[in-house]
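> Sequence first, then the predicted structure:
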Amino acid sequence: MGDTGPTGPVMDRDEVDRALARLGAEHEAIETSLLALQDHAGRRLLEGAELTGVTAERWSAAEASITLLWAYFDAYTGALRTAREIRSRRRWSSREDLAELTELLRGEAVTVSGGAAVTANAPTAHGNPGRLSERYSLVTLVARMNELYATSLDMVVAADAVWSALPARIDLLAAELGRTRKLAHSVGVRPGEHPAGDDLERITRTLTRLREQVISDPLAFWTPARGSSAPGGGRPDTTVYDREARALEEVRREIDAVLAVRQDAEQRIVRLRDVLSRADRTLAEARTARGEVLAKIAATEVPVVGGPPIVLQEQLAAAAEYRRHAQWHRLSPLLESLEEKAEDELLRARESLTAVTAPLAVRAELRGRLDAYKAKMARLGHAEDPELAEKYEKARRMLWSAPCDLRVAEQAVLRYQHAAAELLGATRRVPGQGGPVDRTGPGA
């Protein structure tokens, strides 16, 4: 058709029919979406909740947007109804009808009350507070409805997601907290008396406050997804909940440790007594050995042996007292500390005994080496050698007399070894050639 108007060429009948079919399908889809939004559980909860913070602000804007959405939809519905009525006047629409339809379908022919746009705080580009009404094309109106629907649905879905996720989890954690508090009370873990008891009080206060905040301001606990434009893109922020859940788990492990102490406290105390008793006996043995070393070994520094661990004995007595009065929360950390210290004390006692008896071990090693060389020389037929016998006797007198000077005795043993090696070397030389000196040990 060659006719044109303010909106461009006049549409023909086929174009009008196709446009009406498309607009009808859009109308049905928009109506379905609006009704779904109206019936959304999150929207109903938002309507009935006492909101605070960012959720209150956004819901106020969303309510105005939803109101404007319905105003736009009603205007859209009216324009579509009018277009269908014009098209249904005649089977073959006249030029006047087609021109009117072109203006209605393509031009800014849809009127929306200016008050609705002002109520929704619409941008001035779409709603001028100074005007009583605004005019839109159907295409612009659909775009505006899609925009308002997306932002409103995003807010509703986000709030509903937080309400669906966090309160139930908080309630489950609070129930676990209640059971843990009863168990803690039964083993003496109470606020002001044990750190775990103080932690339980703090977790209780935090969960109570967290639940109140989640119910009144769910969007404060929503993390939008980066780069996502889909309504409801994101996830509930469970940072505070997760932290308190971990704290409760730590308290539960502490209470389990206290319960374990209650079950095997007697056996652990008996084991502690045994370890400390062995440490005492070892120290006593070290003190006796030190006297022997001082009497038998000369010119040697012998370490001083410490006394028994009086502090550990006192703590062990305190542990027995805690067990007697069922003070498990006090007994638990004390036993753990005592078990570590008792093992350290036993190790210290053993090291002290080793250090004290070291000179006796050196003397024993020298005695064994001297006798082993003597046996070797006798086996090789040199037992009666005068010089060797003299050196052996000197070394023997030094090692078997008290006090024994280890440094002098060691030199005597070395002289005997050298004499034996020289004697063996002389007997093994091949005539006319130098022979190697036997430097092997007594077992060679």
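In hand now; what should we look at? Small disclaimer: the values here were computed from a predicted structure and weren't measured. Residues are numbered from 1 along each chain as shown.

> and the residue lying closest to Asp405 once chain neighbours are set aside, how far is that from Arg407?
Nearest non-adjacent residue to Asp405, counting by C-beta to C-beta, 6 or more residues apart in numbering: Ala298, 4.6 Å away. All C-beta spots, glycine's among them, are computed from the backbone N, C-alpha and C. Taken as C-beta to C-beta, to the nearest Å, the spacing of Ala298 relative to Arg407 amounts to 9 Å.

> who has more neighbours, those two?
In terms of neighbours (other C-beta atoms under 10 Å), Ala298 is the more surrounded of Ala298 and Arg407; the figures are 16 against 10.

> Would you agree that one is in contact with Cys404?
Yes - Ala298 is in contact with Cys404 according to C-beta atoms under 8 Å; the separation is 6.3 Å.

> that older thread, now do the same contact list for the residue nearest to Asp405.
Neighbour list for Ala298: Pro403, Cys404, Asp405, Leu406 [criterion: C-beta atoms under 8 Å, 6 or more residues apart in numbering].

> Pretty sure the first one sits against Glu292.
So that's Pro403. No - counting by C-beta under 8 Å, Pro403 does not reach Glu292; the two are 10.9 Å apart.

> so is Val304 in a helix, a strand, or just coil?
Classification of Val304 using DSSP: H, G, I helix; E, B strand; the rest coil returns coil.

> and it, what pLDDT?
Listed pLDDT for Val304 reads 79.

> so the closest residue to it other than its chain neighbours is in which element?
Counting by C-beta to C-beta, 6+ apart, Arg290 is the residue found nearest to Val304 once chain neighbours are left out, at 7.8 Å. In this structure, Arg290 is located in helix 239-296 according to DSSP states H and E.

> how many other residues sit next to Ala286?
With neighbours defined by other C-beta under 10 Å, the count for Ala286 comes to 22.

> show me the contacts for the closest residue in space to it that isn't next to it in sequence.
Nearest-residue entry for Ala286: Leu353, 4.1 Å, with adjacent residues in sequence omitted and distances by C-beta to C-beta, 6+ apart. Taking C-beta under 8 Å, 6+ apart, we find Leu353 in contact with Thr282, Leu283, Glu285, Ala286, Ala289.

> How many neighbouring residues does the closest residue to the second one other than its chain neighbours have?
Closest residue to Leu283 in three dimensions, ignoring its sequence neighbours and counting by C-beta to C-beta, 6+ apart: Ala349, at 4.7 Å. As a burial measure, the neighbour count of Ala349 was computed by other C-beta under 10 Å and equals 24.

> Would you confirm that Ala349 contacts Arg287?
No - applying C-beta under 8 Å as the test, Ala349 and Arg287 come out as separate, 10.5 Å apart.

> What ranges does this structure have for its strands?
Using DSSP state E, the strands of the chain run over 4-5, 8-9, 110-113, 133-136, 222-224, 234-236, 297-298, 404-405.

> Redo the ones you listed as a markdown table? Include distance to Tyr392 and mean pLDDT.
Conversion of these to a markdown table gives the following (distance: least, C-beta to C-beta, whole Å; pLDDT from 0 to 100):
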| stretch | distance to Tyr392 | mean pLDDT |
| --- | --- | --- |
| strand 4-5 | 137 | 55 |
| strand 8-9 | 131 | 76 |
| strand 110-113 | 126 | 80 |
| strand 133-136 | 124 | 81 |
| strand 222-224 | 90 | 91 |
| strand 234-236 | 90 | 91 |
| strand 297-298 | 21 | 79 |
| strand 404-405 | 16 | 83 |
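
> which stretch among these comes nearest Ser186?
strand 234-236 (34.8 Å; C-beta to C-beta).

> Partner strands of the closest one and their direction?
Using DSSP bridges, the strands paired with strand 234-236 in its sheet are strand 222-224 (antiparallel).

> quick one: the strand it pairs with to chain centroid distance?
Taking C-alpha atoms, centre = their mean, to the nearest Å, one finds strand 222-224 lying 22 Å from the centre of the chain it belongs to.

> what does that strand contact?
Contacts to strand 222-224, defined as C-beta under 8 Å, 6+ apart, come from residues Ala158, Ala159, Ala161, Val162, Gly233, Gly234, Arg235, Pro236, Asp237.

> of all those, which comes closest to Ser277?
Asp237 (57.3 Å).

> and the closest residue to Ala342 other than its chain neighbours, how many neighbours?
Computed as C-beta to C-beta, 6+ apart, the closest residue to Ala342 that is not its neighbour in sequence is Val275, at 4.3 Å. The local packing count at Val275 equals 19, with neighbours defined by other C-beta under 10 Å.

> Would you agree Val275 is in contact with Asp344?
No - counting by C-beta under 8 Å, Val275 sits too far from Asp344 to count as a contact (10.0 Å).

> returning to that earlier point: which neighbours do Ala298 and Cys404 have in common?
Counting by C-beta under 8 Å, 6+ apart, nothing touches both Ala298 and Cys404.
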